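> Next one to model:
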Amino acid sequence: MKKLLRGLLSKNFLVYILIGTFNTLSTAVYSTLCDLIFNEHIATYVAFLMSLSVGYLLNAKFNFHHRIAFSSYLRFMAAYIPHFII
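Have a look, this model is predicted:
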């Protein structure tokens, strides 16, 4: 139980939660703005891609400390394909 609590209170986990919260809020903003420009279906796709891009950049830089690269961006995007389909 102590190990679980240490993991949940770790800096990386808290950064991950903050990035996820920011990304959720930014997705709502992107979706609202895109909805003003595009029809609702295209707005959903554009906002989804924008929010995934921001999520990748923030997580790579601040949480996982990885170099930003197109190949890792594509792997990150591929992980969200099931989410997008659902």
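> Please make it C-alpha for all contacts and neighbour counts, starting now.
Will do.
> Can you pull out the low-pLDDT segments for this protein?
Residue ranges of the chain with pLDDT under 70: 1, 4-5, 7-8.
> Looking at it, which helix is longest?
Under DSSP state H, the helix in the chain containing the largest number of residues is helix 11-37.
> And the next helix or strand along the chain from that helix, what's buried?
For helix 11-37, the following helix or strand on the C-terminal side (DSSP states H and E) is helix 40-58. Buried residues in helix 40-58, counted by 16 or more other Cα atoms under 10 Å: 43-44, 46-58.
> which other helices and strands contact helix 40-58?
helix 11-37, helix 70-79 (3 or more Cα pairs under 8 Å, 6 or more residues apart in numbering; DSSP states H and E).
> Try it again at 7 Å.
Packing partners of helix 40-58 (3 or more Cα pairs under 7 Å, 6 or more residues apart in numbering; DSSP states H and E): helix 11-37.
> so how far is the helix it packs on from its chain's centroid?
Remark: helix 11-37 is offset 7 Å from the chain centroid, using Cα atoms, centre = their mean, to the nearest Å.
> Let me see the contact set for Ser26.
Contacts for Ser26 (Cα atoms under 7 Å, 6 or more residues apart in numbering) come out as Ser51.
> Distance of it relative to Ser72?
To Ser72, Ser26 is 22 Å away according to Cα to Cα, to the nearest Å.
> on that earlier part again, looking at the buried residues of helix 40-58, which one is closest to Met77?
Of all these, Met77 sits closest to Leu52, with 7.1 Å by Cα to Cα.
> Find the nearest non-adjacent residue to that closest one, please.
Met77 (7.1 Å; Cα to Cα, 6 or more residues apart in numbering).
> So what's the residue count around that neighbour?
Counted with other Cα atoms under 10 Å, residues neighbouring Met77 total 15.
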